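1. Curious how this folds, go ahead:
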Amino acid sequence: MTIWHLSNGLLLNTSKTEALVAATKAQVARFDNADGISIGDTTVEISTSIRVLGITIDQYLTFDDHITKVDSSCNYHIHSLRHIRHLIYRKTANTIACLVVIIKLDYCNAVLYGITGKNILRLQRVQNSLARVVCVASFHSPSALLLHSLHWLSIRHRITHKVATLTSKALHHRQPTYLYQLLNIYSQARQLPPSGAGLLVKTETLNKTSDPAFAIAAASTRNRLPSKVRTATTTEQFSVRHLFSLD
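-> You can find the predicted model right below:
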């Protein structure tokens with residue numbers, strides 16, 4: 001890193017530099033981070049979590065801190081929308097909800113693949129609360145019916161759809177290169193039947209910490225798709241077919 005800074009005429013700003021050791025709890029416990037990481041004549045302290053492009057990443061990759069911040073931010077806007085809901089039409093309320101709250105739930109949600117059911121439920125409660133405000137429904141109204149009426153996918157399906165769509169784009173356009181190079185297309189000497197087309201090789205992992213990695217998540221998500229979805233010839237066609245398969 002020091003050589004990269006020197007070759008590009010840059011200096012390391014220690015006040016704005018953070019380091020994170022991401023691993024299992026047992027591995028983090030074995031890592032001696034008392035003195036930080038030495039880079040040249042500078043020492044960078046180890047943080048328990050860092051914020052990158054609006055995503056809070058913790059050392060155990062649970063995304064608990066990130067979910068808490070998203071939850072708090074979304075509930076603030078839901079509370080504000082509830083105050084003006086009686087003054088606006090449902091279509092307008094739906095538009096505001098999607099532009100202000102749903103966009104926060106969807107932002108970089110591909111990194112949330114594999115998070116605990118507890119965290120999925122926390123985000124789902126936020127979406128359910130938003131749906132009740134938009135539909136002017138009581139707290140006891142079935143959330144599934146409200147989401148269906150608004151044509152909103154559930155949180156778990158939104159995450160799956162994002163990963164599947166990113167994978168499809170990478171396969172069709174071979175872009176971005178850094179994602180395409182992580183995908184290993186399944187092939188055999190003999191031709192596969194139509195039901196086996198478009199499969200990816202899934203790398204076996206030693207622990208669940210590696211499962212959310214894009215190469216693993218992409219293969220797991222794509223291989224579970226119906227063949228009709230995998231064999232879509234365009235990204236747009238894939239997206240539509242995948243959305244219908246989630247209903």
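
2. What average pLDDT does the helix or strand containing K118 get?
-> Using DSSP states H and E, the element containing K118 is helix 117-134. What helix 117-134 shows for mean pLDDT is 96.

3. Output that helix as CSV - backbone C-alpha positions only.
-> These are the backbone C-alpha positions of helix 117-134, laid out as CSV (Å, rounded to 0.1, in the frame of the first residue of the first chain):
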residue,chain,number,x,y,z
GLY,A,117,-33.0,-14.5,9.9
LYS,A,118,-33.2,-12.1,12.9
ASN,A,119,-31.7,-9.3,10.8
ILE,A,120,-34.0,-10.2,7.8
LEU,A,121,-37.0,-9.9,10.1
ARG,A,122,-35.8,-6.5,11.4
LEU,A,123,-35.7,-5.1,7.8
GLN,A,124,-39.0,-6.9,7.0
ARG,A,125,-40.7,-5.2,9.9
VAL,A,126,-39.6,-1.8,8.5
GLN,A,127,-41.1,-2.6,5.1
ASN,A,128,-44.3,-3.9,6.7
SER,A,129,-44.6,-0.7,8.7
LEU,A,130,-44.1,1.3,5.5
ALA,A,131,-46.7,-0.7,3.6
ARG,A,132,-49.3,-0.1,6.4
VAL,A,133,-48.7,3.6,6.2
VAL,A,134,-49.0,3.8,2.4
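
4. And it, what does it pack against?
-> With contacts defined as 3 or more Cβ pairs under 8 Å, 6 or more residues apart in numbering; DSSP states H and E, helix 117-134 has these neighbours: helix 64-84, helix 90-97, helix 103-106, helix 143-150, helix 155-173. (C-beta placed from N, C-alpha, C; glycine too.)

5. out of these, deepest packed?
-> Mean neighbour counts were taken over these using mean count of other Cβ atoms under 10 Å, and the top value, a mean of 20, falls to helix 155-173.

6. residues of the helix or strand following it that come out buried?
-> If you walk from helix 155-173 toward the C-terminus, the next helix or strand you reach (DSSP H and E) is helix 177-180. By 16 or more other Cβ atoms under 10 Å, the buried positions in helix 177-180 come out as L179.
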